[in-house]
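Student: have a look at this fold, sequence not included:
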């Protein structure tokens, strides 16, 4: 597993656990259970995937399929013959997960005798795999602290403030830890009522003398740790992390000027390309802005603040529909759908950001340049590139004004988005004329 796969897995677990913890506990299930407390008794066998939303969940029986659960407390004493997707406050595994376990929780515990057949991917405050527990393949963790005392057959990846390894890891260990090792360890949850039990792990990286790492140890930290040579079968690679002092270096006057010059050149090139490929597009937007300046500002603000709401709605709707299709046993259609939804959201956000960063400034720049040249030198207006050049020069100069420039930049973005919205509503599709 490389670093990109590690980040993807943690990101997926974070998003799924957030959804499970926030939305599922309203007792929603497809072929499953929903109540304040749900218990699958010993000897009970569920011959399918199970979806559960509850306050407390206890599995003493067997699930022959995947378990997708959102609950405050989750206790797995039995067997999940498939994958586990869990989000909650406390997740404790005493039994067996034959597939992967994806967990997002405040405290994640693998007790003695617990067994995960494949990967364990966890996100949360604390992870503790006790001695006698087994992870059949890789372990991936992102959170505050991890105490690894059990067996991990393959590689372990961890990003945490505190990491302690006492057990056996068959492959490589890749870790990024932080914090001041001289600071005393502390559990911020110890005084909270009904807080899950969790160990207190010293800041930084700690490798016990009894630990066994079959491969290489690669870690990044503010300072190196004492690593017993007998504990690592391969090499030890340490990279010192430079801790920020919190003092930002102010750019020089030359750097500031050059930054704005680059912005002007970039906007000019993009604007000229648009005028060449679609000669009527920018002029139509400028006309719409001149015709309805106040509605452009109003509609721009609505679109600007409405886009995040639309994105969240698409995301939640996609997950709900995916879970519905999975519950109705539509095969891999649910998985395909969630990737399609994520791709649509990503493309939509990229397009919206590009519009805010570039197109809105080009629209306002052309509008301002045309307005000035029409009164100073009307002949130059016949060549749209002059209007674009003059307007962008003024727009970049205005944005560069300290303090006020940020506000003006935001207003420019709002009005540009509003002009786009009004043009779209009017049904005037710009004609793209390829040279």
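Tutor: Structure's in. What do you need? Remember, predicted model here, so these are calculated numbers, not experimental data.
Student: and for residue 237, the neighbour number?
Tutor: Taking other CB atoms under 10 Å as the neighbour definition, residue 237 ends up with a count of 11. Where C-beta positions appear, they are placed from N, C-alpha and C, glycine not excepted.
Student: apologies, that question was intended for residue 241.
Tutor: Taking other CB under 10 Å as the neighbour definition, residue 241 ends up with a count of 13.
Student: check contacts around it.
Tutor: Residues in contact with residue 241, defined by CB atoms under 8 Å, 6 or more residues apart in numbering, are 176, 178, 220-222.
Student: buried among the residues you listed? Make that a PyMOL selection.
Tutor: The following PyMOL line selects those of the contacts of residue 241 that are buried, judged by 16 or more other CB atoms under 10 Å:
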select buried, resi 176+178+220+221
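Student: wait, which of the contacts of residue 241 is closest to residue 106?
Tutor: Within those, proximity to residue 106 (CB to CB) peaks at residue 178, which comes in at 19.7 Å.
Student: can you check the pLDDT for the closest one?
Tutor: With respect to pLDDT, residue 178 scores 81.
Student: if we ignore the residues flanking it in sequence, what's nearest it?
Tutor: On the basis of CB to CB, 6 or more residues apart in numbering, the spatially nearest residue to residue 178 that is not a chain neighbour turns out to be residue 161, at 5.4 Å.
Student: does that neighbour touch residue 144 like I think?
Tutor: Yes: counting by CB atoms under 8 Å, residue 144 is a contact partner of residue 161 at 5.2 Å.
Student: what ranges does the chain have for its helices?
Tutor: 3-22, 253-277, 281-291, 293-327, 333-354, 360-376, 378-381, 384-399, 404-426 (DSSP state H).
Student: of those helices, which shows the lowest average pLDDT?
Tutor: When the helices of the chain are compared on average pLDDT, helix 3-22 comes out lowest at a mean of 47.
Student: among the helices of the chain, which is the most enclosed?
Tutor: Scoring these by mean neighbour count under mean count of other CB atoms under 10 Å gives helix 360-376 as the most buried, with a mean of 22.
Student: residues in contact with that helix: which ones?
Tutor: With CB under 8 Å, 6+ apart as the criterion, helix 360-376 contacts 267, 270-271, 274, 282-283, 285-286, 289-290, 380-381, 384, 386-396, 399, 412-413, 415-417, 419-420.
Student: and the angle from that helix to helix 384-399?
Tutor: 110 degrees (axes from the mean of the first three to the mean of the last three CA atoms, to 10 degrees).
Student: where are the low-confidence patches of the stretch 101-250 of the chain?
Tutor: By pLDDT under 70, the weakly predicted segments of the stretch 101-250 of the chain are 179-195, 242-249.
Student: switch to 90 and redo it
Tutor: In the prediction, the stretch 101-250 of the chain carries residues with pLDDT under 90 at positions 104-106, 123-125, 142-143, 178-200, 202-203, 222-225, 229, 240-250.
Student: in it, which spans are strands?
Tutor: With DSSP state E, counting those that start in this stretch as the criterion, the stretch 101-250 of the chain has strands at 101-110, 115-116, 120-129, 134-135, 139-148, 151-152, 156-160, 162-165, 168-169, 173-177, 204-207, 212-213, 217-221, 236-240.
Student: need the ones you listed in a markdown table (columns: distance to residue 84).
Tutor: As requested, the strands of the stretch 101-250 of the chain are exported to a markdown table (distance: least, CB to CB, whole Å):
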| stretch | distance to residue 84 |
| --- | --- |
| strand 101-110 | 4 |
| strand 115-116 | 8 |
| strand 120-129 | 9 |
| strand 134-135 | 13 |
| strand 139-148 | 14 |
| strand 151-152 | 17 |
| strand 156-160 | 19 |
| strand 162-165 | 23 |
| strand 168-169 | 21 |
| strand 173-177 | 24 |
| strand 204-207 | 28 |
| strand 212-213 | 26 |
| strand 217-221 | 28 |
| strand 236-240 | 33 |
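Student: quick one: which of these is nearest residue 318?
Tutor: Of all the strands of the stretch 101-250 of the chain, the one in closest proximity to residue 318, counting by CB to CB, is strand 101-110 (17.9 Å).
Student: neighbouring strands for the closest one, and are they parallel or not?
Tutor: strand 84-93 (parallel), strand 120-129 (parallel) (DSSP bridges).
Student: neighbours around the residue nearest to residue 178, how many?
Tutor: As a burial measure, the neighbour count of residue 161 was computed by other CB under 10 Å and equals 19.
Student: rebuild the helices of the chain as CSV, extending it with distance to residue 232.
Tutor: Putting the helices of the chain into CSV (distance: least, CB to CB, whole Å) gives the following:
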stretch, distance to residue 232
helix 3-22, 20
helix 253-277, 44
helix 281-291, 61
helix 293-327, 41
helix 333-354, 39
helix 360-376, 54
helix 378-381, 72
helix 384-399, 53
helix 404-426, 51
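Student: so which of those comes closest to residue 131?
Tutor: Counting by CB to CB, residue 131 lies closest to helix 3-22 out of the helices of the chain; the figure is 24.7 Å.
Student: show me the chain divided up by domain.
Tutor: Domain ranges of the chain: 3-240, 253-426, per automatic domain parsing.
Student: tell me the gap between the last one and the middle of its chain.
Tutor: Which is domain 253-426. 24 Å (CA atoms, centre = their mean, to the nearest Å).
Student: re earlier: need the contact list for the residue nearest to residue 178.
Tutor: The neighbourhood of residue 161, defined by CB under 8 Å, 6+ apart, consists of 144-145, 177-179, 203.
Student: residue 250: which of these is nearest?
Tutor: Distance ranking of the contacts of residue 161 against residue 250, using CB to CB, places residue 178 first at 26.5 Å.
Student: before we move on, the earlier item: and residue 196, which of the helices of the chain is closest to it?
Tutor: Across these, the minimum distance to residue 196, taken as CB to CB, is reached by helix 3-22, at 13.7 Å.
Student: who touches residue 46 in this structure?
Tutor: Residues near residue 46 by CB under 8 Å, 6+ apart: 40, 61-65.
Student: on that earlier part again, closest to residue 81 out of the helices of the chain?
Tutor: Between residue 81 and the helices of the chain, the shortest gap by CB to CB is with helix 293-327, which sits at 16.8 Å.
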